[in-house]
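>>> sequence-free structure coming up:
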């Protein structure tokens, strides 16, 4: 049976593809692209609402919820900053 995509799922795929293309265009390494896409995907699934209604406060809650090592926190913050730049 073929998986049905919701409008939110379609938007998620589109955003992740756009982020990937933008990062490739800026010559980011494949590892950095994969890390950023993973973080942004987790964020978008966490907020679970249309992109137009996502706020900086949503990002703050997400980052505060996902505590880890200093390196992990820095990677997540960088990924979120990149996402909001695109």
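Sure, I can see it. Worth saying up front: this structure is predicted, and the values here are computed from it rather than measured.
>>> contacts, neighbours, all on C-alpha from now
OK.
>>> phi, psi of the residue nearest the centre of the chain?
In the chain, the centroid-proximal residue (CA atoms, centre = their mean) is residue 40; its distance is 1.2 Å. The phi/psi pair for residue 40 (degrees, to the nearest 10) reads phi -60, psi -40.
>>> wait, it sits on residue 80?
Yes - in this structure, residue 40 is within contact of residue 80 by CA atoms under 8 Å, at 6.6 Å.
>>> what's the overlap in contacts for the two?
Residues touching both residue 40 and residue 80 by CA atoms under 8 Å, 6 or more residues apart in numbering: none at all.
>>> ok, so what distance separates the residue nearest to the centre of the chain from residue 53?
For residue 40, the distance to residue 53 equals 15 Å [CA to CA, to the nearest Å].
>>> quick one: residue 16 and residue 69, what's the gap?
Distance from residue 16 to residue 69, by CA to CA: 25 Å.
>>> those two - which one has more neighbours?
Just comparing residue 16 and residue 69: by other CA atoms under 10 Å the higher neighbour count belongs to residue 16, 18 against 9.
>>> which other residues reach the helix or strand containing the more buried one?
Secondary structure from DSSP states H and E places residue 16 in helix 7-25. Applying CA under 8 Å, 6+ apart, the set of residues contacting helix 7-25 from outside is 30, 33, 37, 40, 41, 44, 48, 49, 50, 51, 83, 86.
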